[in-house]
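Student: okay, here's the prediction I keep looking at, along with the sequence it came from:
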Amino acid sequence: MKPVATSLLRRFAARGVFPAVLLLSASGLSAQDLPEVSGEAASPASTQFSSSVPTSVILGVTDVAVVFGQSAPLSGPNAQIGLEARLGILAAFNEINQKGGVHGRRVQLVTLDDNYEPGKAIRNVKRLIEKDGVFALIGNVGTSPVRASAPISAEAGVPFIAPVTGAAELRARWQNMMHLRASYDQETEAMIDHLLNDLSISRIAVLYQNDSFGRDGFEGVSLALSRRGAKVVSSGFYERNTSAIKQALLEIRQGKPEAVIIIASYPAAAQLILWSRFIGFNPVFMNISFVSSNALARELGSKGGGVFMTQVVPFPTSPDLAVTQAYQKALATVAPETEPGFTSFEGYLTGRLVTHILEECGRNLTREMFLDAFRNAGLIDLDDFQLYYSEGIDQGSQAVFLTVLDEEGNYRPITRLTDAVNAEITGQDTNNPL
């Protein structure tokens with residue numbers, strides 16, 4: 001970071017204001033391009049501060065700003081998920097700040113890198129609450145990191161908004177946690193429904209990550225099949241933050257599945273698909289939304305044709321929704337060379353959601369008031385994307401969407417799996433994936 005920029009950031013920090021700085025390279029998002037404005041370094045190029053947030057802003061609210069905190073992977077094999085989620089929030093915050101903020105306050109974001117590891121997420125959340133004094137947590141990424149750090153925020157009474165996870169165990173459990181996206185149970189239910197009804201496929205295998213995220217998804221698939229008198233024919237797992245899937249692939253093949261549901265992050269998902277096609281194993285592949293769509297498409301390239309994915313937000317470039325048009329404009333303002341994507345769109349909707357709730361709260365803002373505004377919200381319309389919250393309903397959206405990759409690496413929205421079959425999108429390939 002240049003000395004002048006560092007000096008300015010230190011002056012902002014001294015006043016309890018945390019500018020959400022985001023630098024983007026033409027080649028795409030990088031952790032080195034995301035300097036922290038508070039807390040531990042997200043990369044060697046990050047700026048660190050030795051002093052904590054002043055006592056006067058311990059609740060994350062000053063006369064001029066409301067400060068939110070996020071723990072997400074900004075480095076490591078799953079960095080793209082965190083980088084894109086953060087970018088979407090920043091796009092929404094910048095959009096509202098350009099209009100004067102919320103009740104005269106700018107909305108700011110402090111993001112700390114957890115490398116998609118629960119232990120680091122715990123440390124980050126403690127720091128964000130106890131030292132950085134954020135008002136609320138927003139858009140934290142991953143089931144295991146969120147699950148590990150949730151008790152800390154609950155004990156402190158800090159709102160925990162829209163974590164990027166669909167885990168069932170996190171729904172209706174924490175009084176301070178509000179969700180935006182549909183659950184993994186809803187995604188896997190949609191997958192099984194489409195496979196059986198669209199393609200008459202019942203022999204289904206699962207690749208899953210060996211942690212609470214993967215096991216939650218695996219259980220969702222198993223329950224959806226059992227409701228229909230079927231079961232998973234084979235399965236394999238891999239360890240978090242790796243892409244070591246070869247043993248899992250061998251175990252999956254033994255069940256002779258017609259389809260493989262993938263509950264994984266993008267490096268492992270891509271390796272499974274690439275190696276499967278290389279050895280001539282070509283079932284239908286279906287990925288859960290957490291995989292990070294844009295990152296998976298880049299990993300697969302031309303070999304991704306015919307790979308399906310459930311999504312929890314509408315198609316980000318749809319011309320039919322006002323919110324997608326707003327998102328594209330907001331994204332272009334903060335990152336003009338970054339392509340729209342599902343993960344950053346989810347982040348944008350998260351940013352829009354919290355600013356909407358802030359508007360409802362008025363100027364005299366407290367954490368309890370903020371949570372009560374969710375519980376009493378009812379229907380929220382974010383430019384044609386609707387959410388609903390009430391007492392006992394902590395998940396705003398129940399919607400699951402279906403997409404497919406074509407041979408050019410582009411996603412297409414579809415309503416049935418047969419839409420892709422009829423379009424002859426296959427992606428079968430015999431070239432070595434390495």
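Tutor: Okay, I see it.

Student: number of residues surrounding Gln108?
Tutor: 27 (other C-beta atoms under 10 Å). (Glycine included, C-beta is placed from N, CA and C.)

Student: what residues go with each domain of the chain?
Tutor: In terms of domains, the chain is parsed into 3-181+319-389, 184-311+400-422 (source: automatic domain parsing).

Student: what mean pLDDT does the last one have?
Tutor: Confidence for domain 184-311+400-422, expressed as mean pLDDT, is 96.

Student: give me the neighbour count for Arg375.
Tutor: Count around Arg375 with other C-beta under 10 Å applied: 15.

Student: excluding chain neighbours, what is closest to it?
Tutor: Of all residues not flanking Arg375 in the chain, Glu391 sits nearest, at 4.9 Å (C-beta to C-beta, 6 or more residues apart in numbering).

Student: my read is that the one you found contacts Gly378, right?
Tutor: No. Look at Glu391 against Gly378 with C-beta atoms under 8 Å: they stay out of range, at 10.5 Å.

Student: for this protein, just list every one of the helices.
Tutor: Along the chain, the segments classed as helices by DSSP state H run 3-14, 79-97, 118-130, 143-156, 184-199, 212-226, 246-253, 266-278, 293-300, 322-334, 342-361, 367-375, 417-422.

Student: could I get these as TSV with distance to Gln398?
Tutor: What follows is the helices of the chain, written out as TSV (distance: least, C-beta to C-beta, whole Å):
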stretch	distance to Gln398
helix 3-14	40
helix 79-97	21
helix 118-130	27
helix 143-156	19
helix 184-199	6
helix 212-226	15
helix 246-253	30
helix 266-278	25
helix 293-300	20
helix 322-334	17
helix 342-361	14
helix 367-375	16
helix 417-422	21
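
Student: and among those helices, the most buried is which?
Tutor: Sort those by mean neighbour count, taking mean count of other C-beta atoms under 10 Å, and helix 79-97 sits at the top with a mean of 26.

Student: how far away is Asn376 from Val61?
Tutor: Here Asn376 is placed at a distance of 20 Å from Val61 (C-beta to C-beta, to the nearest Å).

Student: between those two, which one's more packed in?
Tutor: Between Asn376 and Val61, Val61 has the larger neighbour count (other C-beta under 10 Å), namely 22 against 11.

Student: who touches the spatially most central residue of the chain in this structure?
Tutor: Of all residues in the chain, the one closest to the mean position by C-alpha atoms, centre = their mean is Val164, 3.9 Å from it. With contact set as C-beta atoms under 8 Å, 6 or more residues apart in numbering, Val164 has these partners: 72, 81, 85, 139-142, 181, 290, 343, 346-347.

Student: and of those residues, the nearest to Lys231?
Tutor: The shortest gap between Lys231 and any of the contacts of Val164 belongs to Phe290, at 23.6 Å (C-beta to C-beta).

Student: show me the contacts for the closest one.
Tutor: By C-beta under 8 Å, 6+ apart, the residues touching Phe290 are 81, 142, 164-166, 184, 213, 265.

Student: then Tyr388?
Tutor: By C-beta under 8 Å, 6+ apart, the neighbours of Tyr388 are 377-380, 396.

Student: quick one: pLDDT of it?
Tutor: On the pLDDT scale, Tyr388 gets 98.

Student: distance to Val206 for the contacts of Phe290 - can I get that in CSV?
Tutor: Formatted as CSV, the contacts of Phe290 follow (distance: C-beta to C-beta, whole Å):
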residue, distance to Val206
Ile81, 20
Gly142, 19
Val164, 21
Thr165, 18
Gly166, 15
Tyr184, 12
Phe213, 13
Ser265, 15
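
Student: now the two most distant members of these.
Tutor: Ile81 and Tyr184 (15.0 Å).

Student: report the contact partners of Ala205.
Tutor: 232-236, 252, 255, 257, 259-261, 283.

Student: what's the neighbour count on the residue lying closest to it once chain neighbours are set aside?
Tutor: Excluding its sequence neighbours, the residue lying closest to Ala205 (C-beta to C-beta, 6+ apart) is Pro257, at 3.7 Å. Counted with other C-beta under 10 Å, residues neighbouring Pro257 total 22.

Student: kind regards, and thank you for your time.
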